[in-house]
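Chemist: Below is the sequence, then the predicted model.
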Amino acid sequence: MILSPLEPIESIKPTEPTASSARDGSVTQRIQTHLRGLQIGWEESTHAPTMTSADSARERGDALAIGGKSLLLRCDDTFALFVVSAALQLDSTRLRAALKARRTRFASPEELLAHTGLVPGSVPPFGHPILPFTLYVDDSIFANAHIAFNAGSLNYSMRLTLADYLRAAQPVQLSFSK
């Protein structure tokens, strides 16, 4: 379903709540409100819960490479959000070099829940003002005309044009995939 930025809120399907997090819906609503405020439309789909990028792409009917895989990492003493094409992996050596960081590690599921209210697989590719992190996007995201992602829920996805996503997310571009 493609939404115009001027469609009434009632036309948007609410996110199905999951047992995993009471904040899932609020993250989804913050994304939708942010996009509407920028007059950005999107496609959305509700699907079976998906834990992996491959499962999400299959449920959406998209190529894996269109998916934006969001990863919360601790870099030295700070958490930041990193987005890479779902078809690729994060290269921690390249990332440490690009950030001049001594250490990086993935957030544990407990840290992810504490900092976002979300579970693995549901984190959308947005930092401020949606999630309280600096957002870094890998060069691999620029290879496609669209980006698709789970948006605060394991069973709700959004798809945006790359140009609209970049305008809404305002990420820092780095090269950190392999």
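Modeler: That came through, no problem.

Chemist: For the residue nearest to residue 98 when sequence neighbours are not counted, give me its contacts.
Modeler: Sequence neighbours aside, residue 174 is the residue nearest to residue 98 in space, at 4.9 Å (criterion: C-beta to C-beta, 6 or more residues apart in numbering). C-beta: built from backbone N, CA, C; applies to glycine. The neighbourhood of residue 174, defined by C-beta atoms under 8 Å, 6 or more residues apart in numbering, consists of 95, 98, 99, 136, 137, 138, 139.

Chemist: List the residues that contact the nearest residue to the third one once chain neighbours are set aside.
Modeler: This means residue 99. Distances taken as C-beta to C-beta, 6+ apart put residue 75 closest to residue 99, at 5.6 Å, once the chain neighbours are dropped. Contacts for residue 75 (C-beta under 8 Å, 6+ apart) come out as 95, 96, 99, 101, 103, 104.

Chemist: returning to that earlier point: just the buried subset of the contacts of residue 174, please.
Modeler: Buried subset of those (neighbour count, 16 or more other C-beta atoms under 10 Å): 95, 99, 136, 137, 138.

Chemist: In the residues you listed, find the pair that's most separated.
Modeler: Farthest-apart pair in those is 99 and 137; separation 13.6 Å (C-beta to C-beta).

Chemist: quick one: low-confidence parts of this protein?
Modeler: Where the chain drops to pLDDT under 70, the residues are 1-25.

Chemist: what about the helices in it?
Modeler: Here the chain has its helices, by DSSP state H, at 24-37, 53-60, 92-99, 109-116, 162-169.

Chemist: Pull the number of nearby residues for the nearest residue to residue 45 once chain neighbours are set aside.
Modeler: In this structure, residue 45 finds its nearest non-sequential neighbour in residue 157, 5.0 Å apart by C-beta to C-beta, 6+ apart. Neighbour count for residue 157, taken as other C-beta atoms under 10 Å: 24.

Chemist: Report the beta-bridge partners for residue 157.
Modeler: Beta-bridge partners recorded for residue 157 (DSSP bridges): residue 45, residue 150.

Chemist: what's near enough to touch residue 57?
Modeler: The contact partners of residue 57, taken as C-beta under 8 Å, 6+ apart, are 63, 64, 66, 67, 86, 148.
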